[in-house]
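1. compute the structure for the input listed below.
(one chain, ligands or ions: 1)
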Amino acid sequence: PLVVPAPTGVMDLPALREALTRSRHPLLVTATAGTTDTGRIDPLTDIADLCTTHGAELHIDAAYGGPLLFSPTHRHKVHGLDRADSVTLDLHKLGWQPASAGILAVPHRHHLDPLHHRASYLNAEDDTEAGLPDLLGRSLRTTRRPDTLKIAVTLRALGRSGLADLIDRTLAAAHHLADLIDETPTLDLYDRPTISTVLFRPTGADDTTVATIRRTLLTRGRAVLGRAHTGNRLWLKATLLNPHTTPQDLHTLLDLVDRLTNDLAEGKTPR
Ligand SMILES: Cc1ncc(COP(=O)(O)O)c(C=O)c1O
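-> Got it, this is the predicted structure:
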């Protein structure tokens, strides 16, 4: 496998073109719609065009970004997702289900034929004929429980418009957080969010301070922030996933970070 660089946070198209041209029989390109670090979405249509030209299949990891399809306001961001030969989605993010809640979507039922593989030590033919149940054929993961029930319940209970509403509210909260950071002179915003991930850091802080702030908020039980290393720096990462987040919650979060930054600058040791 060849790793295509993503210097701007998304897959570099000239580098992908070169990799596909150099490789004699390119088999599969995997792209991402919603990266774990920044929530950015690869240029899906351009990548799909290159795959068509070079005869490679396309898989898109849309674990995070895939559900944007439910939202008429945000679905343009995943334009080109339908060009993939296979897509992974995960409803443990923009689907509000506990992990695990993954889906592998393929264009034709026959792609799942390997699931019907039978092995005598797992499902003896006479038992199957007698109607004894087994998990093979129901999940890709043999003895692990299939996630389909909770996914089906979410889709049935909320429907497209119910999911769209939760998604729109969550993304609006992320944009509001980005606005607040932008307006705070003591904080730097990495970029406007594509989905609901907002990266920020105290202005002028070094990476060790950023890491200490995150760990202290966690151990004091005040806030659970992620971290992302991008652009040669460490950032605090807020992946907003709660549609009920209020502006006050966001103010409180930034206030906590600000106060802790000041404490650290004054040499106070965080407990
Ligand atoms: C981009 C992306 N892909 C996939 C996953 C999930 O992967 P797995 O099903 O291996 O936990 C995540 C995170 O949960 C993710 O952020």
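2. the residue in the stretch 51-200 of the chain positioned nearest to the ligand: neighbour count?
-> The stretch 51-200 of the chain approaches the ligand most closely through Ala63 (3.4 Å), counting by C-beta to the nearest ligand atom. C-betas here are computed from N, CA, C, even on glycine. Neighbour count for Ala63, taken as other C-beta atoms under 10 Å: 24.
3. next, give phi and psi for it.
-> Per-residue torsions, Ala63: phi -50, psi -40 (degrees, to the nearest 10).
4. residues touching Asp90, list them.
-> Applying C-beta atoms under 8 Å, 6 or more residues apart in numbering to Asp90 gives the contacts 63-64, 66, 99-103.
5. same deal with His54?
-> 20-21, 26.
6. from these, which is closest to Asp179?
-> Leu20 (39.8 Å; C-beta to C-beta).
7. how far out from the middle of the chain is stretch 264-271?
-> 34 Å (C-alpha atoms, centre = their mean, to the nearest Å).
8. same thing with stretch 1-14?
-> Worked out by C-alpha atoms, centre = their mean, stretch 1-14 lies 17 Å from the chain centre.
9. does it reach the ligand?
-> No - with C-beta under 6 Å from any ligand atom as the criterion, the ligand is not reached by stretch 1-14; the gap is at least 12.7 Å.
10. buried residues in the longest helix that the chain contains, which are they?
-> Longest helix in the chain, counting residues (DSSP state H): helix 148-183. Neighbour-count burial for helix 148-183 flags 150-151, 154, 158, 163-164, 166-168, 170-171, 173-174, 176-178, 180-181 (criterion: 16 or more other C-beta atoms under 10 Å).
11. domains in this structure, by residue range?
-> 13-159, 161-262 (automatic domain parsing).
12. worst mean pLDDT among those domains?
-> The minimum mean pLDDT among these belongs to domain 13-159 (a mean of 91).
13. the ligand contacts on the stretch 151-271 of the chain?
-> Checking the stretch 151-271 of the chain against the ligand by C-beta under 6 Å from any ligand atom, there are no hits.
14. circling back to that earlier point, any idea how far Pro67 is from the residue nearest to the residue of the stretch 51-200 of the chain closest to the ligand when sequence neighbours are not counted?
-> Take Ala63 and drop its neighbours on the chain: the residue closest to it by C-beta to C-beta, 6 or more residues apart in numbering is Asp90, 3.7 Å away. Asp90 sits 9 Å away from Pro67, going by C-beta to C-beta, to the nearest Å.
15. can you pull the contacts of the nearest residue to Asn123 once chain neighbours are set aside?
-> Using C-beta to C-beta, 6+ apart and skipping residues adjacent in sequence, the residue nearest Asn123 is Asp134, 4.8 Å away. For Asp134, the contact set (C-beta under 8 Å, 6+ apart) comprises 122-123, 127-128.
16. is there proximity between stretch 22-41 and the ligand?
-> Yes - shown here: stretch 22-41 in contact with the ligand (C-beta under 6 Å from any ligand atom) through 32, 34-36.
17. how about the residues of the stretch 1-150 of the chain by the ligand?
-> Taking C-beta under 6 Å from any ligand atom as the contact definition, the stretch 1-150 of the chain meets the ligand at 32, 34-36, 61, 63-64, 90, 102.
18. now intersect those residues with the strands, please.
-> 32, 61, 90, 102 (DSSP state E).
19. got the CA positions of stretch 156-170 in PDB?
-> What follows is stretch 156-170, C-alpha atoms only, in PDB (Å, rounded to 0.1, in the frame of the first residue of the first chain):
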ATOM      1  CA  ARG A 156     -36.700   4.100  12.000                       C
ATOM      2  CA  ALA A 157     -37.200   6.300  15.100                       C
ATOM      3  CA  LEU A 158     -35.600   9.500  13.800                       C
ATOM      4  CA  GLY A 159     -36.000   9.200  10.000                       C
ATOM      5  CA  ARG A 160     -34.100  11.400   7.600                       C
ATOM      6  CA  SER A 161     -35.600  14.700   8.900                       C
ATOM      7  CA  GLY A 162     -35.000  13.800  12.500                       C
ATOM      8  CA  LEU A 163     -31.400  13.000  11.900                       C
ATOM      9  CA  ALA A 164     -31.000  16.100   9.700                       C
ATOM     10  CA  ASP A 165     -32.300  18.200  12.600                       C
ATOM     11  CA  LEU A 166     -29.800  16.800  15.100                       C
ATOM     12  CA  ILE A 167     -27.000  17.100  12.500                       C
ATOM     13  CA  ASP A 168     -27.800  20.700  11.700                       C
ATOM     14  CA  ARG A 169     -27.900  21.700  15.300                       C
ATOM     15  CA  THR A 170     -24.600  19.900  16.100                       C
END
